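> coords please:
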Amino acid sequence: MQEGSTGPEFETRPTGSVMGFPAHEARPGALGEVHSRPYPLVATPRVLVQLSFMTEGGSVVDQAVLSELSRRLGIAAPDRQARHHAMKWGKGTLRWERHTEFSTYLWEGPLSERGRGQEDSPFGNGFSPPGTVISGIRLEIRNWTPDSERLIESFDPTSLCYSLVEGGNAAIVTDFRQDGDGLTRILILDRGLTPARAGALSHRLIDIETYRTLAMLGLPLALSLSGRVRRIEDRLAVITGEMREPETRDNQKLLADLTELAAELEADAASSLYRFGASRAYDGIVTERLDALEEAVVPGHETWASFLQRRMAPAMRTCRSVEERQANLSRKLTRATTLLRTWVDVEVEKQNRDLLASMNNRARLQLRLQQTVEGLSVAAVSYYVVGLIGYLAKGISSWTGLAIAPEAVTAASVPVAILLVWWAVRRVRRLHSEPARQAGSE
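Now for the predicted structure:
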């Protein structure tokens with residue numbers, strides 16, 4: 001195809017397409033994740049120094065550190081969204097990676113036989129750390145010779161881990177102790193590794209040391225929470241004991257105490273949720289890396305897997321135990337609170353029943369009083385009506401001269417007046433009660 005050609009058959013295919021079809025927007029990230037942490041190609045002899053920093057300040061701090069390092073080298077800084085970056089530093093390479101709660105700076109360069117002062121690592125004067133250091137590792141890869149094998153004697157024999165890997169082509173040695181610079185020393189003796197295999201092996205060993213340190217961060221938190229969980233368990237036992245005494249039980253007070261305990265427990269569980277979950281994840285990574293080593297035992301020495309398993313397993317069990325105790329205690333508090341709320345609701349229903357009964361008694365008394373008042377009112381109104389009729393009869397007799405006996409007219413009007421007044425009162429009461437009956441039927 002010649003440059004400048006036009007037409008649909010000569011148009012450039014869009015970026016992110018597959019055989020001309022548009023690709024999903026997340027496809028590049030999904031494909032690139034497999035290559036996000038490539039193993040470095042490491043030739044023997046070589047030294048790798050990695051520092052891991054807790055990044056409480058976020059990615060902005062890492063970006064500032066990388067920008068300063070790039071400025072010193074005269075190169076462009078990485079993109080703000082980047083999660084890993086590599087740059088040449090001296091005779092070696094500096095690799096940066098950002099993780100969830102920490103970031104790592106790994107320098108890989110030539111091993112100097114004249115001491116560390118001759119190594120051109122970036123972690124000297126002028127390096128601004130992005131946070132506090134959680135892990136520091138110095139890994140040396142040396143050819144397996146009698147001289148290099150004697151370096152094993154410099155490790156602490158009480159915690160020495162020494163095993164064969166890569167089908168016997170390499171030996172890995174460490175004591176998981178820190179040197180004068182605070183770095184954990186790791187030694188790889190190489191007698192036939194390719195640069196790719198050496199890089200993969202060193203990467204696994206560095207991951208084991210980094211993630212086993214991070215996994216252990218959950219242990220101090222678990223130990224501090226264990227006493228608080230125990231106190232809540234003891235207090236719950238006391239409260240449930242008081243709940244069994246109905247004569248002296250104060251449901252409102254007990255419910256308030258349970259609610260306070262539940263709030264304290266949930267606050268502790270929420271604060272430890274991330275750390276315990278992270279410790280489980282880090283412990284899983286360590287286990288995977290140890291399994292991938294496929295260590296062969298060197299007689300008289302302990303393997304990495306057996307050493308870490310014996311020391312990390314109890315710590316992880318402690319974290320799981322505290323987490324499970326929190327979950328079980330939360331369920332127990334929920335059941336106790338539900339039971340108390342039921343008793344409180346029953347008490348409230350009894351109070352409502354008594355209140356309704358009292359209101360019914362008042363209503364009956366008011367009805368009786370109303371009926372009494374109605375009877376008196378009928379008599380009183382009838383008395384006044386009969387009196388008016390009597391006055392009317394007297395007036396007619398005196399004005400017209402007719403022989404009408406006012407007493408007889410008054411006497412005759414008494415039953416008529418009483419009936420008419422009674423009927424009028426009943427009708428008024430019926431008219432007033434009809435809206436109430438209609439509202440009740442609705």
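> got the phi/psi numbers for Arg320?
phi -70, psi -40 (degrees, to the nearest 10).
> alpha carbons of stretch 208-226, as PDB, please.
Provided in PDB are the C-alpha atoms of stretch 208-226 (Å, rounded to 0.1, in the frame of the first residue of the first chain):
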ATOM      1  CA  ILE A 208       8.500 -13.800  49.900                       C
ATOM      2  CA  GLU A 209      10.400 -11.400  52.200                       C
ATOM      3  CA  THR A 210       8.300  -8.400  51.300                       C
ATOM      4  CA  TYR A 211       4.900 -10.100  51.700                       C
ATOM      5  CA  ARG A 212       5.800 -12.100  54.800                       C
ATOM      6  CA  THR A 213       6.600  -8.800  56.500                       C
ATOM      7  CA  LEU A 214       3.400  -7.200  55.300                       C
ATOM      8  CA  ALA A 215       1.400 -10.300  56.400                       C
ATOM      9  CA  MET A 216       2.800 -10.000  59.900                       C
ATOM     10  CA  LEU A 217       1.400  -6.500  60.300                       C
ATOM     11  CA  GLY A 218      -1.900  -8.100  61.400                       C
ATOM     12  CA  LEU A 219      -0.400  -9.800  64.400                       C
ATOM     13  CA  PRO A 220       0.200  -6.700  66.700                       C
ATOM     14  CA  LEU A 221      -3.400  -5.600  65.900                       C
ATOM     15  CA  ALA A 222      -4.800  -9.000  66.700                       C
ATOM     16  CA  LEU A 223      -2.900  -9.100  70.000                       C
ATOM     17  CA  SER A 224      -4.200  -5.700  71.000                       C
ATOM     18  CA  LEU A 225      -7.800  -6.600  70.000                       C
ATOM     19  CA  SER A 226      -7.800  -9.900  71.700                       C
END
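> gap between it and the chain center?
18 Å (Cα atoms, centre = their mean, to the nearest Å).
> contacts for it next, please.
The contact list for stretch 208-226 (Cβ atoms under 8 Å, 6 or more residues apart in numbering) reads 50, 52, 102, 104, 134-135, 137, 174, 176, 184, 186, 268, 272, 275-276, 278-279, 282-283, 285-286, 289-290, 304, 308, 312, 315-316, 318-319, 321-323, 325-326. Quick note: C-beta positions are derived from backbone N, CA and C, even for glycine.
> 7 Å instead?
With contact meaning Cβ atoms under 7 Å, 6 or more residues apart in numbering, stretch 208-226 is reached by 52, 104, 134-135, 137, 184, 186, 268, 272, 275-276, 279, 282-283, 285-286, 289-290, 304, 308, 312, 315-316, 318-319, 322.
> got any ranges where the chain has weak pLDDT?
1-16, 32-38, 57, 114-118, 371, 375, 401-404, 432-442 (pLDDT under 70).
> in this protein, which spans are strands?
For the chain, strands defined by DSSP state E occupy the ranges 17-18, 21-22, 46-54, 84-89, 92-98, 102-109, 132-143, 161-165, 170-178, 184-190, 296-297.
> separation between the residue nearest to Arg177 when sequence neighbours are not counted and Ala30?
The shortest distance from Arg177 to any non-neighbouring residue, by Cβ to Cβ, 6 or more residues apart in numbering, is to Asp156 (5.4 Å). Noted for Asp156: a distance of 45 Å to Ala30, by Cβ to Cβ, to the nearest Å.
> also Ser135?
Distance, Ser135 to Ala30, using Cβ to Cβ: 29 Å.
> who's more crowded, these two?
Comparing Ser135 with Ala30 by other Cβ atoms under 10 Å, the one with more neighbours is Ser135, at 21 against 9.
> if I pick the more buried one, what's in contact with it?
52, 209-210, 213.
> what is it paired to in the beta sheet?
Beta-bridge partners recorded for Ser135 (DSSP bridges): Ser52.
> measure it to Ser128 for me?
18 Å.
> ditto for His24
40 Å.
> care to break the protein down by domain?
34-210, 218-348 (automatic domain parsing).
> between the contacts of Ser135, which sits nearest Gly124?
Ser52 (17.9 Å; Cβ to Cβ).
> return the residues in contact with the closest one.
By Cβ under 7 Å, 6+ apart, Ser52 lies in contact with 102, 104, 133-135, 210.
> which one of the residues you listed has the most neighbours?
So for these (other Cβ under 10 Å), the most neighbours sit at Thr210, 25 neighbours.
> what sits against the nearest residue to Phe155 once chain neighbours are set aside?
Nearest non-adjacent residue to Phe155, counting by Cβ to Cβ, 6+ apart: Asp175, 4.2 Å away. Counting by Cβ under 7 Å, 6+ apart, Asp175 touches 155-156, 159-161.
> then Leu255?
337, 340-341, 344.
> go with 6 Å
By Cβ atoms under 6 Å, 6 or more residues apart in numbering, the residues touching Leu255 are Leu340.
> and it, how far from Pro130?
Counting by Cβ to Cβ, the gap from Leu255 to Pro130 is 49 Å.
> my read is that Arg83 contacts Trp96, right?
No: the criterion here is Cβ atoms under 6 Å, and Arg83 misses it with Trp96 at 9.1 Å.
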